[in-house]
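Peer 1: The sequence and its predicted three-dimensional model are supplied below.
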2 protein chains.
Amino acid sequence: SPPPGIYRRELKVEEFSTMYGRYTQELGVYAKEEAARLRDGGVRDGGGLRRNTSVRSRAADLLEYEKDPCAKCQLCASRCQKFLISRVGEDWIFLILLGLLMALVSWVMDYAIAFCQEAQKWMYGGLDSNMLLQYIAWVTYPVVLITFSAGFTQILAPQAVGSGIPEMKTILRGVVLKEYLTFKTFVAKVIGLTCALGSGMPLGKEGPFVHVASLCAALLSKFMAALFGGIYMNELRNTEMLSAACAVGVGCCFAAPIGGVLFSIEVTSTFFAVRNYWRGFFAATFSAFIFRVLAVWNQEEETITALFKTRFRLDFPFDLQELPAFAILGIACGFGGALFVYLNRLIVECMRKQKTINKFLLRKRLVYPALVTLLVSTLTFPPGFGQFMAGQLTQHESLVALFDNRTWCRQGVAEEFDYISHHHAWKHPQVNVFITLILFIIMKFWMSAVATTMPVPCGAFMPVFLIGAAFGRLVGEIMAAMFPDGIHADGSVYPIVPGGYAVVGAAALSGAVTHTVSTAVIVFELTGQISHILPVMIAVILANAVAQALQPSLYDSIIRIKKLPYLPELGMGHHEKYNIRVEDIMVRDVRYITLNSSYRDLQEMLLTGQLKTLALVESRDSMILLGSIERLQLQSLLSLQLGRQRRLEYLRQLAQDNGTHDHLPSLTTDSTPSSPCTHTHINASTSARQGVRFLVSTQQFSVSRHPLSSQIAEWEEQQLDEPVDFKNCKIDPAPFQLVEQTSLHKTHTIFSLLGLDHAYVTSMGRLVGVVSLKELRKAIEGSVTVTGVKVRPPLASFRDSGNSTNVSEVTELHKLCIRHRGLSLPREPNPPDQNNDTTRST
Amino acid sequence: SPPPGIYRRELKVEEFSTMYGRYTQELGVYAKEEAARLRDGGVRDGGGLRRNTSVRSRAADLLEYEKDPCAKCQLCASRCQKFLISRVGEDWIFLILLGLLMALVSWVMDYAIAFCQEAQKWMYGGLDSNMLLQYIAWVTYPVVLITFSAGFTQILAPQAVGSGIPEMKTILRGVVLKEYLTFKTFVAKVIGLTCALGSGMPLGKEGPFVHVASLCAALLSKFMAALFGGIYMNELRNTEMLSAACAVGVGCCFAAPIGGVLFSIEVTSTFFAVRNYWRGFFAATFSAFIFRVLAVWNQEEETITALFKTRFRLDFPFDLQELPAFAILGIACGFGGALFVYLNRLIVECMRKQKTINKFLLRKRLVYPALVTLLVSTLTFPPGFGQFMAGQLTQHESLVALFDNRTWCRQGVAEEFDYISHHHAWKHPQVNVFITLILFIIMKFWMSAVATTMPVPCGAFMPVFLIGAAFGRLVGEIMAAMFPDGIHADGSVYPIVPGGYAVVGAAALSGAVTHTVSTAVIVFELTGQISHILPVMIAVILANAVAQALQPSLYDSIIRIKKLPYLPELGMGHHEKYNIRVEDIMVRDVRYITLNSSYRDLQEMLLTGQLKTLALVESRDSMILLGSIERLQLQSLLSLQLGRQRRLEYLRQLAQDNGTHDHLPSLTTDSTPSSPCTHTHINASTSARQGVRFLVSTQQFSVSRHPLSSQIAEWEEQQLDEPVDFKNCKIDPAPFQLVEQTSLHKTHTIFSLLGLDHAYVTSMGRLVGVVSLKELRKAIEGSVTVTGVKVRPPLASFRDSGNSTNVSEVTELHKLCIRHRGLSLPREPNPPDQNNDTTRST
């Protein structure tokens, strides 16, 4: 049993992580300390090696995310022979099922959310006699829902917290995040999200829906695998399906199939295989179709139309001279988007650093979301401050109002059109429409940034979209006020359409926050009109250009905050990265085994290192890389050598040699499952991961207990000294190799393209180093960090950029040459001087 | 000088190739024959080795497309150190310039085409007194234009013939097609295309525009490189810019930026780097913007709108119950698309096989296009058969009419709405609108298939789009006739909109022919309405599913017809490819050099082989792959060893050894440029490509002429026997490696992903084979050929699909082990039996 302190401290770490997902760094630091403490304790304990290592292994599990053995290195040949036997028919069925399911989930959730919001309105409306009661009703409802959502998620599956897009990005990169794709998480995410959105807080549905769709796909895969087996077990196929699922998630959330596919590609992929394109399109279209058909069947709509249908005039959507205004709107949205990402990160980091706040908030883990909700809903209370910022409207109602094709005010005075639907919320007797809009934008801006840090399932896309729409509307109204008869010089009067500005602003701001261009397509599909295509495209591209220069995307920011094992993108226009080479960042102290290695070397290697694969080289002198071997393979090799079978054989032989057969029965009884010795051996074979440790401990057990202990110990020593027999070992004969001169840029490209986890660095076939994702990440973050601290590798400045052959490489090659000629042509009398070789060798 | 027959025969080959671009196979066969003939001749000639090889090299140049040394293997480390220093600012400028230029080209071309067509109409209209004169005017005009286009293209740059998308696909794959991106081609393509489209034949602008935009980008790159140098020289950067240029091409052709980007990705890429996404979007948006702004400035339009603006009702675009009709339309379009691709290929192959037709057509290379044009324009002559198929309308007019939002007939009777614009062309006093549409579809179908085989710059997208629109209109009109009051059951009457069907049909048929989904986005952008998104998506996906199952895409079909060096896509659902491994297709007879190789080996290797790179292995016994060396490097090594410098040094030394200095002046005078010996040496150093051959010939010259000839010959022999010094040689230390067990599917993925040209096959570091694009293509075409002949590799069936370690591999490893232990542990007395090793080694 571990020391009593462990669980308490773990709990604390978990508490700490509630605020914003998992904080791996803290976990890592904790795990290291814990491991060190226990190691010392283990040494003091004397024989407690076994317990020690097993605890250490748990700490190590916490320390590093487990990598998927198959997706890790898509090139490794020996493992992936059963690659992707994709029977297309079954793909279609799978995608149809996925689309159907997600459409149902999306529709039911929308229905539930609408119901929740109606309930709140009903309560609020019914209590209009007493404002205090009204306030309590208005505030309590969201606080209860958010607290329930946070608590439920926390208890059932803390992985369901947050957007899910950063995690999906990481998973599609080939890293397996434990527990991120389980049924528990699915339940927690769906129920938590429904409650969170039902509360009316400025939260979004899109990000979590990407996660929900992926969960759905993963569970469906498992289900189909259990039912039909075969291809549904394939890891790579699952990855393809996951990327289709991301498209479905966006597609059925907005009824935007094309935008969904493009957005999911932009947000989750680095390199995209065009041959998987159709999967996403098909599934997203089907899902969006079903989603809208459900609305028709439920009599909500007469036929299939867009979610936020606009009715802008078709013949003259906008004037050419309005384009500068659209461009300025785009640039402003770019700054706004960067500010939003920065604000969001600032809040998280602030909360984390403030020790006193932290302690209080973490002790009561539901206090933080409850407090935030209380604050936000107090401020939006319609009879209070909410009257100045259209506080009574839901997100959906606000958007419909903002996309309206009528002008709200003309020349500063509000028009007296019939206030159907929700326009009266924007009109206040004392206050201008402009003031309402500005207040709405400012308040919603920080509220959204704060609300998305709550530990509930929530996205930031929709709130940002809404803010963008409001900002666009503001610009549009200002334009309409400035040019009441439109800008067009010729005869006919075409008044300015502020709704068009709202559409452009929504696309631009959401594009800036997420660093995507496809929000343009999403708005076309959401509004059902494409007439503003050029203004939207111009604004989105400008907003992207500005935002990308200032801040990472929201998802990359969360990846950094959560310290997910993702390779950051190389920034644009940073010259340093072209001057960094693999030799600057590689780990030179590679752990390797040679063809001559003894089992003892193997054992030592396995006990001290934590790497998942080990390099196999020809010999310590030549260092020629022959391949790589998985840790598991080595463990099984070792247990084969020292295993029960061999042990028994040895004892039998021993008995034969002694000529006395009476020893044997005692030995066989000794090897029954009741004996602790063989018991551990069985363990060793079942749990291959801890095989080595058990063997070590077994050895010690053997020494202390067995009557033939000394002989067995001697035998074991002998066995360990034998050279390893690689005959039954699966070797990956072509692990990925780089050379020392490979630039950081290219290494990054290769790692992203192939989804590599590590690559060996060789020089003329000789193993000289290894680069893993970790080193690469460090190097990139060092050179292109956003906070301005740029670390240049010490060697980078001492190099010329010429492409002549490296001196050391030549020397190495020469040595190899000479060594080799020395072997094959031993009669050569005097090796000539190396430098003047060419000229004097005659 | 080559034998007189060569040029004549070449000419014939070129003549032959006029009909449909270049026929590499014929060229290849010719080149091989020529080479064999000359080789025999060379042997008979005796000393004519030099001329022989140089002619052979020309033949070899014809035989194989030259690969780009940098794009060939994007991973090769030593070459690409100056990888992509992309200063973003300069990218922006480049993209803006490109967009501006292409928008201008597109607009001017449209203007010229419209002018041409107006001229034809004017001529035709002015001669309405005499039908014969009218006919001659109607027919002569396009024949002259097409003949001029064909002749001009043929004379200036035959590479400009055809669509250009297949070639761009190949170029973006990393293969350099000679002369495809030159200024001559640009001029030929632009002028040829303008004439071809001005003739009014059913030809398209899109495909050629992709080519024109790429040409523009390539030329602009060259220009900027000449102006600013630096990054504009980078090959990989140019590839990125080319892929952006493809997007610009489509974007400014249709004023469809998003559709352009997506279409170009789908059509040209296999794997797409999302980080290059913005380039395409930015350039295409800018280009589309300028293209439309030019129209506004020219008073053609009031403001920026879509090219084929539709005015469908927004509130109820279509009924849910119409969806089955849309789905059937999609499936029918799928079959139609496959039929079109098949028909197109059939025509080309027919023309090629028919010897007699061939001979006639090829002798007069302009006869074929003239005949086709004559036939097509005769059939569309408006007072003749053209009256039954709206022959007088241009493509643009037809499309506008087909996308009209009114119904043409109700219950079979044509409606009497006011025949503004071009609707009267569809109405015929005797014939039903249905008959007109059906005739239009059938006639245009085969006309387009035939017309796109003419040797002029032309695409097939627009004709196919038009046919699809007509087919959709037909279905829509039938639906409208069947349900005159619409399908909707509730109170309000929503009549069916046949124009919506036309939009769906256009997207579906063009999607089916090109195997893309993004045609859906293109129609939204073309029509400026997105209300039919779901029908369009459903129809396009169904059409794609049907067409992809039946035929390759039009572009892949042309790639096969032209035998371009492109890796075909793996078909879906073919199981054989998972059972083929690299060992089945690899070339086992690899050409390699060892560390012990002498210069003589090198010389022989260079003289006999044609490979661009050679493998470097440790030794003939170990065969451990150390790297690969480019042919050029080896040639320079060889010329260094036998070069003038060394030769002079030797002679000087000889003179010193002899103690007589009077020889030296004669030698130095001998080494002046006037001497044939040194003259060839200078040649050798300048034209490194033919270095070896010159050296060989020099040797012969030396033997015959120089006074010290015997000594020099001896010296040369001595030099050739020396082991190669690799010190000054650039070696790629990490060429791409596969293992024997790698599946065909994965090999294909890796080759496409990394743009490889060849990969070495290794087994435990030992070189066992090489796979190049050629073998891979053969294997894929063998297993997934469309014509039904499936070649299974002989070994494939004898293998189990298990993933246990291969026996031979184990044996190899074991041998290596033993060999190695034998070296390092020589005291081991008796190597144990290999099979019982594990059990008996105790």
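Peer 2: Everything's here; your move.
Peer 1: how many neighbours does A:Glu714 have?
Peer 2: With neighbours defined by other C-beta atoms under 10 Å in any protein chain shown, the count for A:Glu714 comes to 11. C-beta here means a position set from N, CA and C on the backbone, and glycine is covered the same way.
Peer 1: Okay, it and B:Trp408: tell me how far apart.
Peer 2: According to C-beta to C-beta, to the nearest Å, A:Glu714 and B:Trp408 sit 100 Å apart.
Peer 1: Kindly report the same for A:Lys359.
Peer 2: Distance, A:Lys359 to B:Trp408, using C-beta to C-beta: 76 Å.
Peer 1: Kindly report the same for A:Glu266.
Peer 2: Counting by C-beta to C-beta, the gap from A:Glu266 to B:Trp408 is 42 Å.
Peer 1: cool, A:Ala196 as well?
Peer 2: A:Ala196 is 53 Å from B:Trp408, by C-beta to C-beta.
Peer 1: the more surrounded of these two?
Peer 2: A:Ala196 (30 against 24).
Peer 1: residues contacting the more buried one?
Peer 2: Applying C-beta atoms under 8 Å, 6 or more residues apart in numbering or on different chains, we find A:Ala196 in contact with A:Leu145, A:Ile146, A:Ser149, A:Leu203, A:Met454, A:Val456, A:Pro457, A:Cys458.
Peer 1: What number of residues are in the vicinity of A:Gly126?
Peer 2: As a burial measure, A:Gly126 scores 11 neighbours (other C-beta under 10 Å).
Peer 1: same question, A:Leu607
Peer 2: When counting by other C-beta under 10 Å, one arrives at 12 neighbours for A:Leu607.
Peer 1: What of A:Leu346?
Peer 2: When neighbours are counted by other C-beta under 10 Å, A:Leu346 registers 12.
Peer 1: so it is in which element?
Peer 2: Counting by DSSP states H and E, the element that carries A:Leu346 is helix A:323-353.
Peer 1: could you say what helices and strands that helix packs with?
Peer 2: helix A:355-363, helix A:433-451, helix A:461-482, helix A:498-514, helix A:533-550, helix A:554-562 (3 or more C-beta pairs under 8 Å, 6 or more residues apart in numbering or on different chains; DSSP states H and E).
Peer 1: how about stretch A:131-140: buried residues?
Peer 2: For stretch A:131-140, a neighbour-count test (16 or more other C-beta atoms under 10 Å in any protein chain shown) marks A:Gln134, A:Tyr135, A:Ala137, A:Trp138, A:Val139 as buried.
Peer 1: which one of those is nearest chain B?
Peer 2: Within the buried residues of stretch A:131-140, distances to chain B taken as C-beta to the nearest C-beta reach their minimum at A:Trp138, with 35.6 Å.
Peer 1: And that closest one, what's its pLDDT?
Peer 2: Note on A:Trp138: pLDDT of 87.
Peer 1: Name the helix or strand for it, please.
Peer 2: helix A:131-156.
Peer 1: quick one: that helix to helix A:433-451, angle?
Peer 2: Using axes from the mean of the first three to the mean of the last three C-alpha atoms, to 10 degrees, the direction of helix A:131-156 lies 30 degrees away from that of helix A:433-451.
Peer 1: Following element in sequence after helix A:131-156, please.
Peer 2: From helix A:131-156, the next helix or strand downstream (DSSP H and E) is helix A:165-172.
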